[in-house]
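> structure of the sequence below:
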Amino acid sequence: MPKYTLLEMTQKILSDMDAEPVNAIGETTESDQIASIIEDTFYALFVNRIIPEHQGLIKLTSLSSVSYPTHFRYPDNVNNVTKVWYDTSEDDTFEYSVVKWMEPMDFLEMVDNVQDSYDSIEDREAGTTLRIRNDKQPDYYTSFDDLYIVMDSYDASVNSTLLTAKSRAYGTTIPTFTISDSFVPDIDENIFPYLLAESKSTCFSLLAGGADQKIEQQARRQKSFLQNDKYRSVRPNKWSHYGRT
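So this is what the prediction gives:
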């Protein structure tokens with residue numbers, strides 16, 4: 001199953017609409033409109049949906065400042081982070097340990113109760129003082145603003161701040177979309193028919209005066225297929241335990 005460039009998808013939709021053919025996006029107003037609709041459809045379908053190729057390992061960005069020794073910034077293209085690790089080795093042998101998420105209020109209660117071996121650190125945004133331990137590697141992290149991660153401790157005898165190079169996270173990135181003839185959306189081959197069908201349906205509705213029943217049927221079929229064929233490797237079905245352990 002092939003991947004299509006934005007131009008190829010635009011040409012396919014123009015052909016199905018019996019519209020004027022083009023050799024490049026921008027040759028006609030209609031081709032510009034269709035390319036824009038494909039972009040909007042792409043983001044509507046995939047930005048808030050778990051697509052395997054948009055998941056992967058992420059490097060958190062350390063502020064590398066003694067004023068904020070345990071602060072990291074979420075990279076701009078990250079939609080969410082589901083797991084965080086930190087290299088707790090003293091000789092860079094990559095002994096990654098999980099740093100667990102803690103809700104902001106619970107995190108504040110924990111650091112407020114630290115009694116010794118800590119630095120008084122101001123939070124990056126609000127300026128409130130946090131008691132950040134300086135004698136051990138981090139165990140917990142939180143975020144007060146969804147821009148910065150704050151970890152509960154660092155080992156000053158190893159590094160003066162927590163480091164980007166020692167961080168590891170897993171999460172979902174936000175794909176980019178570029179309006180150009182040669183641009184290929186960052187999705188697997190098996191998802192292209194779904195994107196094309198949904199884009200075509202929208203184009204018929206907005207530009208051709210109404211939906212086409214056959215195209216609507218095709219879009220529904222592609223959506224149903226996608227639900228069961230997201231991953232390249234076969235994975236067992238996951239069923240909700242509904243509170244059971």
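> care to break the protein down by domain?
Segmentation of the chain into domains, based on automatic domain parsing, reads 6-47+175-227, 55-173.
> mean pLDDT for the ones you listed: which is lowest?
If you rank these by mean pLDDT, domain 6-47+175-227 sits at the bottom with a mean of 83.
> possible to save the domains of the chain as CSV with mean neighbour count?
Bear in mind the C-beta positions are built from the backbone N, C-alpha and C, glycine included. What follows is these, written out as CSV (neighbours: other CB atoms under 10 Å):
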stretch, mean neighbour count
domain 6-47+175-227, 16
domain 55-173, 16
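> right, and the helix or strand after the longest helix along the chain?
Assignment by DSSP state H gives helix 29-46 as the longest helix of the chain. The C-terminal neighbour of helix 29-46 among helices and strands, as given by DSSP states H and E, is strand 55-58.
> point out the other helices and strands that the next helix or strand after that following strand packs with.
Note on strand 55-58: by DSSP H and E, the next helix or strand toward the C-terminus is strand 61-62. Applying 3 or more CB pairs under 8 Å, 6 or more residues apart in numbering; DSSP states H and E, we find strand 61-62 packed against strand 71-73.
> adjacent strands (with direction) for the following helix or strand past the strand it packs on?
Counting by DSSP H and E, the next helix or strand C-terminal to strand 71-73 is strand 78-87. Using DSSP bridges, strand 78-87 pairs in its sheet with strand 96-101 (antiparallel), strand 167-173 (antiparallel).
> out of those strands, nearest to residue 161?
strand 167-173 (11.4 Å; CB to CB).
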